[in-house]
Structures are given as C-alpha cells and as structure tokens.
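In: Got a predicted structure here, sequence first:
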There are 2 protein chains.
Amino acid sequence: MESPLPAASRRLAATAAAPLPDLPAGSRRVILETALHLFAERGYSGTSIRDIAKACNLQGPTIYSHYPSKEHVLAELVRIAHDEHLRRVRTALLDCQPDPREQVAAYVRAHVRFHTDFAMLAVVGNTELHMLSPDLGDPIFQVRKQSEQTLMEIAQRGIDRGVFHVPHAWLAVAAIGGMGLRVAFWFSADAGIPAKTVADSYADFALRILGAARNS
Amino acid sequence: MESPLPAASRRLAATAAAPLPDLPAGSRRVILETALHLFAERGYSGTSIRDIAKACNLQGPTIYSHYPSKEHVLAELVRIAHDEHLRRVRTALLDCQPDPREQVAAYVRAHVRFHTDFAMLAVVGNTELHMLSPDLGDPIFQVRKQSEQTLMEIAQRGIDRGVFHVPHAWLAVAAIGGMGLRVAFWFSADAGIPAKTVADSYADFALRILGAARNS
DNA sequence: GTCTATATGAAGATAGAC
DNA sequence: GTCTATCTTCATATAGAC
C-alpha cells in the first residue's frame, strides 16, 4: 500500500525534466528550462522575473534581452507543451491499424507518456494556460482542441461500429483525458512504476471505460 | 460532438459556488466566499488581499480584522474542501452494503458529486494546497491521505476477494481519483450534463477500470 | 549579452483614529 | 468593525553604460 506520491508539500513529484523538444538555443534555452522548473513548482504568478534570473545566475533585467515579458516566457512553454502533445498523439495514430481499439490504446499511451516524460511541461501547460492573455493563449487553445477532438472522433467511430459500448461518449472521453492529465502530478522517473507500465495500464483502463477491454 | 467545456480562457466552468459547508458567519463568510471565487479563477498568488477586499466592498486592511494573513484565508478554504470531501465519502460508505463493488460505486459517486457541487472549492483545494506552509498544510494533507487510503483499501479488499481484476491496484485507484478530480474544471450546473449523470457514469467507469463492471 | 541604476506601481502587513 | 495613513518589500519593466 506504499504510494508513489510526491512529498507532501510539493506540487508535483518530478524533479528533472526531459530535454525540452522544439527548443531554442543558448540563453533562451537556459531561461526557458529554469522558468519551467519554477512555474511547475510555484506557479506562474508565484514566480517573479527576478526568481528566474537568479536561478540562471543572471540579473533580472537580462531576461528582457531574450523575452519581451514574463508572459511570453510562459507562452512559449505552454505552446511547446501543446505542440509536443499533439505531435505525439498524431504520430502514434499514424502507426496504427484502423481498429478503434488500437487507436484508443495508441492515443492513451502517447497521452500518458507525454505526461510521464514531460511532467513539468504538462503541469505548466495544464495549470497555467488560462493565465495567458487571449492574444497569446488563443492559438494554444486551438491546438488543445485538436488533441481533444481526435480522441472524441476515435471514440465516436468505435461506438458507431459497435466496438465500444458506453452510454455517454463525451463523459468517457473526459474521464480518459482527465486520468491521464493527473499522471503528471504524481509520476516520478526514479520512484516505483515505469512509465511504460503506466501507459499500458491506462490504455487498458481507457478500453475498459469504453466497454471494449481486450482482457474481458 | 458539442463539448460542455468552459470558455477558452477560464480556468473552470463553474460560476456559482454551492453554499459552503462548515461555514463561519458574518464578514468572515463574505470574505471566504469572495476569496473562493478569486482564488479559483486567478489562483492564490494571482489574487491580492486588496482584490479580495475590493470585491467585498471593503478596504484592504479590514481583512486583517478577520484573518491574520492571506494564507490563513486559503488554509480555511482548503481545510473546508478536504473535510467536506472526506465527510461525504465516509457518509456514503456508511449507507453501503459490504460488497466492494457497491462501496466503490458509492465512493466514486460521492467523490464526483463533491467535485460537481463544490467545483470552486475543489479546484482551490486541489491546485493551491501546496502553497500552504507546512504549519497550515500538513494537517490538511493528513485528511487527504485518509480519503485516498479509503479507496485504496476498498480496491484491495475487492481484489483479495476476487471481485476486482486489475494488475496494478494503485494505478487503478490513481486513475479513478484523477478522472474525478478533473470534473471540477469542466462541470457547470447550467450547461448540459446533470451532476447525477456524471456521478453515476464515473462510478460505472471506476468499476470497469477495476474489472468488475456490472454491465459487462 | 549582460550589467547597474532607476521608474513606477503593487504587494503583504501594521498602527491607530473613529 | 471599518477606516485612512503608512511601512517595507517586491513586482514588472525601461534606460543606457560596458
């Protein structure tokens, strides 16, 4: 009954971030990676430009040589998060047989692996997206919508073909998405459960939720 | 394929909070309910004492006649959230047959109804708990742990009796908890799906995850 | 690219009058 | 219980030197 949860007072369990995908070079990169750690742990509003600079061994105003505002730093992180999530989901589906069961399993494995492999990015992307002004946030909401719609379409297609059996498709999709999102908060690479185990298990859970479990 | 999600830039869909349980009277109550709305939408760090006061038609320092600090306001909200969650889960189990399937269904219905009926309280309780100093946060983490352990014990008991069939009990419990948590962000009393439908559906999803679906 | 100096405002919190 | 006045620190951001 030992639980692999983060230490009580921490917001998430992960301590190291996987190398960011789609990353700028040089100082921008250092700033971005440092901001990621701070935003993940203390939140966007709870982190100051000076905090980020200090953790980079820079003076506060130096940040402004690389980003026009703190909001732009957040926006780039949140954009990278959503782009990478969508990219992984789409790639997974390209490798897939046209069977909705395979597609759901592939989607959920990719979804969960994103949340294990980029836990900090996922936490920031999900908890701070709404802090962005419409100007910076709206394009990212569009990306998010595409990821969500993709799963909804797979589910609906499976229901139409009689492969899935669930009274309310949207609720099933919301549940599957939600359980995956939460992984970013408790998953830790060092502690306990391998990412692949989580991904495979959640893929199985998703199929069970949709009434199409391979093992039943 | 219409989705009942919150307007793009909002953090959660709920606009009104159910009357808070376990509530103080008078000005403390007004302050608490106002802070709840602001913390839910903008976060604890994104809300100032002056914001709260202004929304109460008070001057900033007046808050300090009722609470010693902003952190104490948050602490009371987070405590109420966790106490009410635990109380509901426990009450639901008292009305229950000793069958693990019934117990899981009762737990999840109570869990989900907490997140629909007190969406703002749930959002603040879950996203801002880690902002509290150990002094104020630790007792609340204890309450949280009790809720989590309760579901884990039910699941383990069902597995031991051969009623549930799932390779990794802890992952199943994490998935069930996580999908319920997420409900607080998208649920809206006015829009679309009744709370009872969500609760019943998620109870069914939980049983499916545990390999004990009543409908399969 | 990074620094120091600085402008301007807002933060949490206290003192003390009414 | 609520107010005004205020303290101190910190916030984002800019200007301009090196």
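Out: Received the coordinates, thanks. A quick note: this is a predicted structure, and the numbers were derived from the prediction, not measured. Numbering: from 1, shown residues only, chains lettered A, B, ... in the order given.
In: burial measure for the nearest residue to A:Thr15 once chain neighbours are set aside, as a count.
Out: Nearest residue to A:Thr15 in three dimensions, chain neighbours excluded: A:Ser188, at 7.3 Å (C-beta to C-beta, 6 or more residues apart in numbering or on different chains). C-betas here are computed from N, CA, C, even on glycine. Residues within reach of A:Ser188, counting by other C-beta atoms under 10 Å in any protein chain shown, total 17.
In: Verify the contact between A:Ser188 and A:Ala14 for me.
Out: Yes. Counting by C-beta atoms under 8 Å, A:Ser188 does reach A:Ala14; the two are 5.8 Å apart.
In: which residues touch the most centrally placed residue in chain A?
Out: In chain A, the centroid-proximal residue (C-alpha atoms, centre = their mean) is A:Ala122; its distance is 3.3 Å. By C-beta atoms under 8 Å, 6 or more residues apart in numbering or on different chains, the contact set of A:Ala122 is A:Ala81, A:His85, A:Phe114, A:His115, A:Leu181, A:Ala184.
In: any chance of these in TSV, with pLDDT too?
Out: Putting those into TSV (pLDDT from 0 to 100) gives the following:
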residue	pLDDT
A:Ala81	98
A:His85	98
A:Phe114	98
A:His115	98
A:Leu181	98
A:Ala184	98
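In: Looking at those, which are in helices?
Out: Of the positions in the contacts of A:Ala122, A:Ala81, A:His85, A:Phe114, A:His115, A:Leu181, A:Ala184 sit in helices, assigned by DSSP state H.
In: any residue of the longest helix along chain A up close to DNA strand D?
Out: Longest helix in chain A, counting residues (DSSP H): helix A:134-160. No. Judged by C-beta under 7 Å from any atom of the strand, helix A:134-160 stays clear of DNA strand D, getting no closer than 11.8 Å.
In: Touching both of A:Ser188 and A:Ala14, which residues are there?
Out: Applying C-beta under 8 Å, 6+ apart, one finds that A:Ser188 and A:Ala14 are jointly contacted by A:Ala119.
In: related to what we said a few turns ago, farthest pair in the contacts of A:Ala122?
Out: Across the contacts of A:Ala122, the longest distance by C-beta to C-beta is 11.7 Å; it joins A:Ala81 and A:Leu181.
In: Between the two, which has more neighbouring residues?
Out: Using other C-beta under 10 Å as the criterion, A:Ala81 and A:Leu181 rank with A:Ala81 on top: 28 against 23.
In: any idea what sits nearest that one, other than its immediate chain neighbours?
Out: Leaving out its chain neighbours, the residue that sits closest to A:Ala81 by C-beta to C-beta, 6+ apart is A:Gly125, at 3.1 Å.
In: what about the one you found, distance to A:Val78?
Out: Distance of A:Gly125 to A:Val78, given as C-beta to C-beta, to the nearest Å: 5 Å.
In: Show me whatever sits in contact with both of these two.
Out: Listed as contacting both A:Gly125 and A:Val78 by C-beta under 8 Å, 6+ apart is no residue at all.
In: could you check whether stretch A:162-178 is close to chain B?
Out: Yes. For stretch A:162-178, a contact with chain B is found by C-beta under 8 Å from any C-beta of the partner chain, at A:His165, A:Pro167, A:His168, A:Trp170, A:Leu171, A:Ala172, A:Ala174, A:Ala175, A:Ile176, A:Gly177, A:Gly178.
In: what comes up buried for that stretch?
Out: For stretch A:162-178, burial by neighbour count (16 or more other C-beta atoms under 10 Å in any protein chain shown) applies to A:163-164, A:166, A:169-178.
In: Kindly report the same for stretch A:16-23.
Out: Buried-residue list, stretch A:16-23, by 16+ other C-beta under 10 Å: A:Ala17, A:Leu20.
In: What of stretch A:132-139?
Out: Those would be A:Leu132, A:Leu136, A:Gly137, for stretch A:132-139 by 16+ other C-beta under 10 Å.
In: Just confirm yes or no for that stretch near chain B.
Out: Yes. Contact of stretch A:132-139 with chain B (C-beta under 8 Å from any C-beta) involves A:Leu132, A:Pro134, A:Gly137, A:Asp138.
In: Regarding the nearest residue to the first one once chain neighbours are set aside, what is its secondary structure?
Out: The spatial neighbour of A:Leu132 that comes closest, neighbours along the chain excluded (C-beta to C-beta, 6+ apart), is A:Ala75 at 5.6 Å. Classification of A:Ala75 into helix, strand or coil gives helix, according to DSSP: H, G, I helix; E, B strand; the rest coil.
In: Next one: A:Ala75 from B:Thr47, what distance?
Out: Counting by C-beta to C-beta, the gap between A:Ala75 and B:Thr47 amounts to 21 Å.
In: If I follow the layout properly, A:Arg113 ends up in contact with A:Ala195?
Out: Yes. Taking C-beta under 8 Å as the definition, A:Arg113 is a contact partner of A:Ala195 at 6.1 Å.
In: Show me which residues of chain A are close to DNA strand D?
Out: A:Thr47, A:Ser48, A:Ile49, A:Arg50, A:Asp51, A:Gly60, A:Pro61, A:Tyr64, A:Pro68, A:Ser69, A:Lys70, A:Glu71.
In: Number of residues surrounding the second one?
Out: Right, A:Ser48. Neighbour tally, A:Ser48, other C-beta under 10 Å: 13.
In: List the residues that contact it.
Out: Per C-beta under 8 Å, 6+ apart, neighbours of A:Ser48: A:Lys70.
In: Quick check: A:Ala119 touching A:Phe187?
Out: Yes. Shown here, A:Ala119 and A:Phe187 form a contact pair, counting by C-beta under 8 Å, at 5.5 Å.
In: Which neighbours do the two have in common?
Out: Counting by C-beta under 8 Å, 6+ apart, the common neighbours of A:Ala119 and A:Phe187 are A:Ala13, A:Ala14.
In: Determine which residue of chain A is most distant from the centre point.
Out: Distance to the chain centre peaks in chain A at A:Gln59, reaching 30.9 Å (criterion: C-alpha atoms, centre = their mean).
In: okay but that residue is in contact with A:Ile52, surely?
Out: No. The criterion here is C-beta under 8 Å, and A:Gln59 misses it with A:Ile52 at 11.2 Å.
In: and the helix or strand harbouring A:Ala203, how far from the chain's centre?
Out: In this structure, A:Ala203 is located in helix A:195-209 according to DSSP states H and E. Distance of helix A:195-209 from its chain centroid, counting by C-alpha atoms, centre = their mean, to the nearest Å, is 16 Å.
In: in it, what counts as buried?
Out: Of the residues in helix A:195-209, A:195, A:198-209 count as buried by neighbour count, 16+ other C-beta under 10 Å.
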